[in-house]
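Enquirer: Here's a sequence, model it:
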Amino acid sequence: MPLHRETLVWLLLVLVTVAMTYLLDGGASGLSDGLRNTLILLIAFVKVRIVAYEFMEIRFAPLAMRVATNAWVVVTCIALLLLFPG
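Expert: Next up, the predicted model:
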């Protein structure tokens, strides 16, 4: 029985969450706190984009909505990185 696209995406998101939690919480002890926090934020926004496109069906939306979604993700991520530098 083949898995649906949404199920595969969900499994990917879960695996990324578990792997990054392990790596960034203690497995990557050589990283500075600032770099670790930056990686967490970047990974979170990649996941936000995936959720928007796969589960909120932005990938089927008009071009303007897709551009606005991508712009929101990028601008918000950059703003947070600038507000809370590592």
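
Enquirer: For the rest of this, base every contact and every neighbour count on C-alpha atoms.
Expert: Fine.

Enquirer: how far away is Arg36 from Ile43?
Expert: With distances taken as C-alpha to C-alpha, to the nearest Å, Arg36 is found 11 Å from Ile43.

Enquirer: in stretch 62-76, what counts as buried?
Expert: 66, 69-70, 73 (16 or more other C-alpha atoms under 10 Å).

Enquirer: What strand or helix carries Met73?
Expert: Check again: residue 73 is Val, not Met. Secondary structure assignment for Val73, by DSSP states H and E: helix 63-83.

Enquirer: now for that helix, which elements pack on it?
Expert: With contacts taken as 3 or more C-alpha pairs under 8 Å, 6 or more residues apart in numbering; DSSP states H and E, helix 63-83 sits against helix 33-55.

Enquirer: list the contacts for the residue nearest to Arg66 when sequence neighbours are not counted?
Expert: Leaving aside its chain neighbours, Arg66 sits nearest to Ile58 (6.1 Å; criterion: C-alpha to C-alpha, 6 or more residues apart in numbering). Under the criterion of C-alpha atoms under 8 Å, 6 or more residues apart in numbering, the neighbours of Ile58 are 52, 65-66, 69.

Enquirer: what's the angle from the helix holding Val73 to helix 33-55?
Expert: 160 degrees (axes from the mean of the first three to the mean of the last three C-alpha atoms, to 10 degrees).

Enquirer: can you list the residues that contact helix 63-83?
Expert: 38, 41-42, 45, 48-49, 52, 58-59.
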